[in-house]
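A.B. asks: Just to be clear, the model below is a prediction. Sequence and coordinates:
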Amino acid sequence: MDDQPEMKAKNPWHRPRIIFITVLFVIGIVSMVAIGVVQNKPLHQKYKYGIVLDAGSSHTSVYIYQWPAEKENNTGMVQQMDACNVPGVGISGYSTEPNRAGDSLKSCMDKARSIIPNHRHPETPVYLGATAGMRLLEMKNAAASEKVLESVERVLQTYPFSYQGARIISGQEEGAFGWITVNYLNESLRQASGTLGALDLGGASTQITFVSGQKQESPDNSIDFRLYGHDYHVYTHSFLCYGKDQVLKLSLANEIRPVHTKTETIVVEDPCFHPGYRMNKNFQSVFNSPCVTGLSYPEKNFVHMGSGNGTKCHAAVRKVFNDSGCSYSICSFNGIFQPRVEGQFGAFSAFFFVMDFLNLTTLSLDEAKEELGKYCATPWEIIKQNHPNVKEKYLAEYCFSGTYILTLLEDGYNFTSHNWQDIKFIKKIGNSDAGWTLGYMLNLTNMIPAESPDTPPLPYGGYVTLMVLFAVMILLLGLLACKVFRRPTGSAQKEII
Ligand SMILES: Nc1ccn([C@@H]2O[C@H](COP(=O)(O)OP(=O)(O)OP(=O)(O)O)[C@@H](O)[C@H]2O)c(=O)n1
Ligand SMILES: [Ca+2]
């Protein structure tokens with residue numbers, strides 16, 4: 001009987017009301033999470049693009065880069081989308097018919113126009129940087145080099161992109177931007193870990209660039225960078241005329257001089273070419289470069305004859321380095337200051353092509369010398385049989401090129417058998433080629449901030465997880481609260497009664 005009044009006092013809407021509030025509460029929380037997730041979800045990725053033409057001495061390559069539009073200040077974000085090799089010779093090879101220099105670029109530029117989305121064309125920058133071949137042409141014939149640059153400029157301006165100029169870059173820039181490229185791709189600029197030195201070998205020049213803790217004795221060889229909040233003291237040098245095509249001319253010229261007579265047939269025996277190799281060549285092809293000076297030869301031919309001797313080849317190549325006269329505490333060669341090499345190095349372009357062809361990339365220095373010696377001694381006929389698909393002109397030069405690379409690294413830059421393993425012969429890092437072009441574009445588009453760019457404290461996945469966890473926690477607390485408030489206390493019972 002005592003229960004009667006209490007039963008009557010109970011509100012029949014009490015339970016549905018709690019259910020209703022709980023449902024609203026749950027809908028609220030779910031909506032909150034959903035809105036948070038949708039609002040912060042990365043939008044459909046929008047890409048931006050940039051084009052850099054590497055007008056090298058032996059050939060031109062067109063590189064197309066892409067990066068997510070909203071992440072341009074993050075290291076490692078810019079990637080190579082495509083690379084196109086321009087058919088034919090480098091632009092400096094068109095000095096006598098400059099208009100053909102511009103025309104030669106058309107097939108690769110047409111390709112760039114077709115693969116970059118149309119709506120991005122007007123904002124896509126195009127840069128052309130010319131390296132050692134054009135530096136040499138400028139020295140030899142400034143008017144011709146001017147005409148070649150005008151020709152490529154004219155053609156590049158006919159494309160719907162944002163043309164930003166065509167110029168000859170300095171050897172220092174070439175070295176520095178190669179270093180930026182490899183360290184940007186390696187993400188070493190973001191981490192406190194050591195940086196990667198950069199070794200670039202072209203047809204007409206070679207560059208060495210690395211961070212050195214030693215005293216920089218020559219201001220011309222020293223660059224200071226502040227990148228992503230870190231300071232770097234970088235040593236760099238570019239040796240004009242020490243690309244592999246020019247050194248071949250230099251060492252041939254050295255061989256020719258002692259034997260040159262006024263007799264009809266001049267035979268030049270060359271230990272850097274295979275036994276059985278025999279080719280008629282013109283003196284002009286050797287002495288036509290500003291790198292090979294002093295002698296003017298008549299329009300005459302000589303017989304270039306291989307003798308295939310690794311030791312003698314090394315001795316012949318050695319002669320292109322001048323080791324006398326260092327006015328600093330330490331030099332590489334030709335009186336150029338260079339501190340002791342430090343840290344890991346990435347060796348790319350012809351360093352890679354040649355060492356990869358010869359299968360020497362993973363060997364020790366002594367093993368590489370031994371293998372190269374055997375390769376050089378192999379008769380020319382057998383070499384041709386073993387590589388039927390390689391152009392003969394290139395095939396003939398690998399013994400010389402391999403010997404030059406080992407000599408440059410050991411006798412020139414002073415690597416030893418102890419730190420030889422610090423050199424990694426690389427073509428690409430990820431999908432992007434190692435070379436100066438990426439660093440050049442990053443610099444000109446201001447995509448490498450001096451200070452670390454602001455990044456959200458949490459990655460997107462972490463953010464969503466936290467949101468869900470908090471929402472579940474609030475939900476549980478809410479349910480708990482409902483339960484506590486629902487349970488009638490003694491005093492409450494009395495009030496109801
Ligand atoms: N697969 C390849 C590509 C190129 N080469 C040779 O490697 C040398 C250098 O090529 P590269 O690095 O492209 O030089 P360039 O950029 O043209 O020259 P530079 O940087 O001196 O202007 C040239 O002799 C070229 O014939 C090679 O042996 N194998
Ligand atoms: Ca090059």
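C.D. replies: Right, received. Where do you want to start? Numbering: from 1, shown residues only. Ligands and ions are numbered 1, 2, ... in the order given.
A.B. asks: Number of residues surrounding L469?
C.D. replies: Using other Cβ atoms under 10 Å, L469 has 10 other residues around it. Where you see a C-beta, it was placed from the backbone N, CA and C, and this is true even at glycine.
A.B. asks: same deal with G478?
C.D. replies: Close neighbours of G478, defined as other Cβ under 10 Å, add up to 16.
A.B. asks: doesn't it fall inside a strand?
C.D. replies: No - according to DSSP: H, G, I helix; E, B strand; the rest coil, the state of G478 is helix, so it is not within a strand.
A.B. asks: Check it and give its pLDDT.
C.D. replies: Turning to G478, the model gives it a pLDDT of 74.
A.B. asks: I'd like to know which elements the host helix or strand of F353 is packed against.
C.D. replies: Using DSSP states H and E, F353 sits in helix 350-357. Secondary-structure packing of helix 350-357 (3 or more Cβ pairs under 8 Å, 6 or more residues apart in numbering; DSSP states H and E): strand 196-201, helix 392-407, strand 423-425.
A.B. asks: would you turn those into CSV with mean pLDDT and mean neighbour count?
C.D. replies: Converted to CSV, the helices and strands packed on helix 350-357 look like this (pLDDT from 0 to 100; neighbours: other Cβ atoms under 10 Å):
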stretch, mean pLDDT, mean neighbour count
strand 196-201, 98, 28
helix 392-407, 97, 21
strand 423-425, 98, 19
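A.B. asks: Out of those, which is closest to ligand 2?
C.D. replies: Closest to ligand 2 of the helices and strands packed on helix 350-357 is strand 196-201 (Cβ to the ion; 6.4 Å).
A.B. asks: now the next helix or strand after that closest one: how far from the chain's centre is it?
C.D. replies: Sequence-wise, the next helix or strand downstream of strand 196-201 (DSSP H and E) is strand 205-211. Centre-to-centre, strand 205-211 and its host chain are 13 Å apart (Cα atoms, centre = their mean, to the nearest Å).
A.B. asks: which strand of this structure spans the most residues?
C.D. replies: strand 230-240 (DSSP state E).
A.B. asks: count of neighbours near the residue of the chain found nearest ligand 2?
C.D. replies: Nearest residue of the chain to ligand 2, counting by Cβ to the ion: G202, 3.6 Å away. Neighbours of G202 under the rule other Cβ under 10 Å: 27.
A.B. asks: ok, which stretches of the stretch 301-450 of the chain are strands?
C.D. replies: Along the stretch 301-450 of the chain, the segments classed as strands by DSSP state E, counting those that start in this stretch run 301-306, 344-349, 423-425, 428-429, 432-433.
A.B. asks: same thing with the stretch 1-150 of the chain?
C.D. replies: Listed in chain order, the strands of the stretch 1-150 of the chain (DSSP E, counting those that start in this stretch) span 47-55, 60-68, 79-85, 125-130.
A.B. asks: The last one and ligand 2, are they touching?
C.D. replies: Okay, so that is strand 125-130. No - counting by Cβ under 5 Å from the ion, ligand 2 is not contacted by strand 125-130; separation bottoms out at 9.6 Å.
A.B. asks: Mind checking the pLDDT average for that strand?
C.D. replies: 98.
A.B. asks: Also stretch 182-190?
C.D. replies: Average pLDDT, stretch 182-190: 92.
A.B. asks: you'd agree W420 is up against L365?
C.D. replies: Yes - with contact defined as Cβ atoms under 8 Å, W420 reaches L365; the gap is 4.2 Å.
A.B. asks: Leaving out sequence neighbours, find the closest residue to the residue of the chain closest to ligand 2.
C.D. replies: Excluding its sequence neighbours, the residue lying closest to G202 (Cβ to Cβ, 6 or more residues apart in numbering) is G243, at 4.3 Å.
A.B. asks: Contacts only, for that neighbour.
C.D. replies: Shown in contact with G243 (Cβ atoms under 8 Å, 6 or more residues apart in numbering): S57, A132, L201, G202, G203, A204, S205, T206, A350.
A.B. asks: Kindly report the same for A204.
C.D. replies: Contacts of A204 were listed using Cβ under 8 Å, 6+ apart, and they are 56-58, 131-133, 135-136, 240-241, 243, 245-246, 291.
A.B. asks: what's the spacing between it and M134?
C.D. replies: The gap separating A204 from M134 is 9 Å, by Cβ to Cβ, to the nearest Å.
A.B. asks: for W179, same thing?
C.D. replies: For W179 relative to M134 (Cβ to Cβ), the value is 21 Å.
A.B. asks: neighbour-wise, which of the two wins?
C.D. replies: W179 (30 against 27).
A.B. asks: Isn't F177 up against A434?
C.D. replies: No - counting by Cβ under 8 Å, F177 sits too far from A434 to count as a contact (11.2 Å).
A.B. asks: What is the burial count for the nearest residue to L395 once chain neighbours are set aside?
C.D. replies: Counting by Cβ to Cβ, 6+ apart, L395 lies nearest to H387, which is 5.6 Å off, once chain neighbours are set aside. Using other Cβ under 10 Å, H387 has 14 other residues around it.
A.B. asks: So what does H387 have for phi and psi?
C.D. replies: Note on H387: backbone dihedrals following degrees, to the nearest 10 are phi -130, psi 70.
A.B. asks: confidence score at it?
C.D. replies: Confidence at H387, expressed as pLDDT, is 98.
A.B. asks: gap between it and H274?
C.D. replies: 12 Å.
A.B. asks: so who does P125 touch?
C.D. replies: With Cβ under 8 Å, 6+ apart, P125 has these contacts: G50, I51, F161, S162, Q164, M441, L444, T445.
A.B. asks: which non-adjacent residue is nearest I266?
C.D. replies: Nearest residue to I266, sequence neighbours excluded (Cβ to Cβ, 6+ apart): F302, at 4.2 Å.
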